[in-house]
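K.L.:
Take this sequence and fold it.
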Amino acid sequence: MGRGLAVRMPYRQAFPYSEHPTHPQPLPCREGSGAPISRRMRYLHTMIRVTDPDATIAFFELLGLRQVRRMDSEQGRFSLIFLAADEDSKGEGQRADAEVELTWNWPAEDGSPAEIYTGGRNFGHLAYRVDNIYETCQRLMDGGVTINRPPRDGHMAFVRTPDNISIELLQAGDRLAPAEPWASMPNTGQW
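P.N.:
I've put the predicted structure just below:
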């Protein structure tokens with residue numbers, strides 16, 4: 001059995017063809033309402049690692065995106081720069097409807113060479129905000145998905161697609177109180 005088939009098998013078992021999300025069918029409805037059930041998930045951003053933030057910002061500005069917010073971490077030695085198209089922007093300092101997150105890991109203080117990203121390491125992850133991170137992670141686990149970074153903090157988790165693309169899940173609103181099995185679950189693999 002090839003590696004690709006083994007990786008995809010849990011997803012196929014969780015969704016027989018006739019029930020697979022890409023197979024056209026009516027959405028389930030709340031009893032008596034006729035309104036589709038929503039899992040209330042919202043796309044947030046795609047993160048890419050950059051080696052020259054100024055050049056990368058200039059590139060995205062040529063595409064029509066603008067910087068909407070920025071966070072610099074002296075302690076972590078990194079910067080997060082969020083860009084958005086005007087149509088997605090809600091103003092300076094505000095989270096846009098859809099963003100590109102540029103992550104710049106600062107050069108080492110000791111003068112050692114800067115990190116070079118190879119093999120797709122410059123692509124980071126897709127991020128989604130979810131209504132209940134514990135319920136979302138449980139649904140994914142029940143479907144055969146490995147929770148690579150469990151939501152121990154009630155706020156953030158990471159999973160991977162069958163093609164190993166990282167997906168970040170962020171709790172909407174305040175963090176949830178720590179709960180098992182998540183609070184004591186270790187990381188699995190890379191995220």
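
K.L.:
Look up the pLDDT of residue 18 for me, please.
P.N.:
Note for residue 18: predicted pLDDT of 40.

K.L.:
Which stretches in the chain count as strands?
P.N.:
For the chain, the strands defined by DSSP state E cover 41-49, 65-73, 78-85, 99-105, 123-130, 147-149, 156-160, 166-171.

K.L.:
Report the buried residues of the first one.
P.N.:
Looking back up the chat, that one is strand 41-49. 44, 45, 47, 49 (16 or more other CB atoms under 10 Å). (C-beta placed from N, C-alpha, C; glycine too.)

K.L.:
That strand pairs with which strands?
P.N.:
Using DSSP bridges, the strands paired with strand 41-49 are strand 99-105 (parallel), strand 123-130 (antiparallel).

K.L.:
What average pLDDT does stretch 70-86 get?
P.N.:
Stretch 70-86 carries an average pLDDT of 94.

K.L.:
which other residues reach that stretch?
P.N.:
The set of residues external to stretch 70-86 that reach it, using CB atoms under 8 Å, 6 or more residues apart in numbering, is 45, 53, 57, 60, 64-69, 95-106, 108-109.

K.L.:
bridging residues for residue 159?
P.N.:
Beta-bridge pairing of residue 159 under DSSP bridges involves residue 147, residue 167.

K.L.:
Could you do residue 129 as well?
P.N.:
Applying DSSP bridges to residue 129 gives these bridge partners: residue 42, residue 170.

K.L.:
That one touches residue 45, doesn't it?
P.N.:
No. Here residue 129 does not reach residue 45: they are 10.0 Å apart, not a contact under CB atoms under 8 Å.
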